[in-house]
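*Asks:* The sequence and its predicted three-dimensional model are supplied below.
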Amino acid sequence: MTSNAAEILQRHFETFVDDHEQWQTLVADDIVWELPFAPSLGHPEKLVGRQRVLDHVGWFVGAVEDFKFFDLRIQASAESHSAAAQVKAEGIIKQTGKTYTQEYVLFVSVADGKLSYIREYFDPVKAAYALETPVVMPQP
């Protein structure tokens, strides 16, 4: 198994939906996944630990159909244990029937060949529209 972050990030996008069981093998037990804009959808800002990540991702994968990533651009860092990606995605939200289009930016780190840290940015307004859920404004 490789420990190169750019290669693992590539596998993340290849397997996230299409081979979800294989994707789960990329997740470290002590993973930290930060989602700074998720609270505006009523979702957690940070997922700590493998089970919390699998539960949240399981919800997402179950909520969409025909989900696909495209226009993937991965930038390897000078250190092989970190990388960044920009990617577009599209799918249908099962509950609403609305098309969900999104652009994501991810920063990742790997340890022992697994994803140990992810910081993911996305547009919560696009997600709220497709989910037919209100955007919650953070309290000062």
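*Replies:* Done, it's in.

*Asks:* Look up the pLDDT of the spatially most central residue of the chain for me, please.
*Replies:* Per CA atoms, centre = their mean, the C-alpha nearest to the average position across the chain is that of E120, at 6.2 Å. What the model reports for E120 is a pLDDT of 98.

*Asks:* Bridged to it, which residues?
*Replies:* Bridge pairing for E120 (DSSP bridges) gives the partners L106.

*Asks:* any idea how far it lies from G91?
*Replies:* 16 Å (CB to CB, to the nearest Å). No exception for glycine: its C-beta is placed from N, CA and C like everyone else's.

*Asks:* Got the phi and psi for the nearest residue in space to K98 that is not next to it in sequence?
*Replies:* Leaving aside its chain neighbours, K98 sits nearest to A130 (4.5 Å; criterion: CB to CB, 6 or more residues apart in numbering). In terms of degrees, to the nearest 10, the main-chain angles of A130 are phi -70, psi -30.

*Asks:* can you give me the offset of stretch 86-101 from its chain's centre?
*Replies:* Counting by CA atoms, centre = their mean, to the nearest Å, stretch 86-101 is centred 13 Å from the centre of its parent chain.

*Asks:* Could you pull up the mean pLDDT of that stretch?
*Replies:* Stretch 86-101 comes out at a mean pLDDT of 97.

*Asks:* Likewise for stretch 37-57?
*Replies:* For stretch 37-57, the mean pLDDT works out to 95.

*Asks:* which parts of that stretch are buried?
*Replies:* 37-38, 40-41, 43, 47, 50, 53-54, 56-57 (16 or more other CB atoms under 10 Å).

*Asks:* ditto for stretch 124-135
*Replies:* Applying a neighbour-count criterion of 16+ other CB under 10 Å, one finds 124, 127-131, 133 buried in stretch 124-135.

*Asks:* before we move on, the earlier item: against L47, how distant is the residue nearest to the centre of the chain?
*Replies:* Separation of E120 from L47 (CB to CB): 10 Å.

*Asks:* between those two, what contacts are shared?
*Replies:* Counting by CB atoms under 8 Å, 6 or more residues apart in numbering, the residues touching both E120 and L47 are 33, 35.
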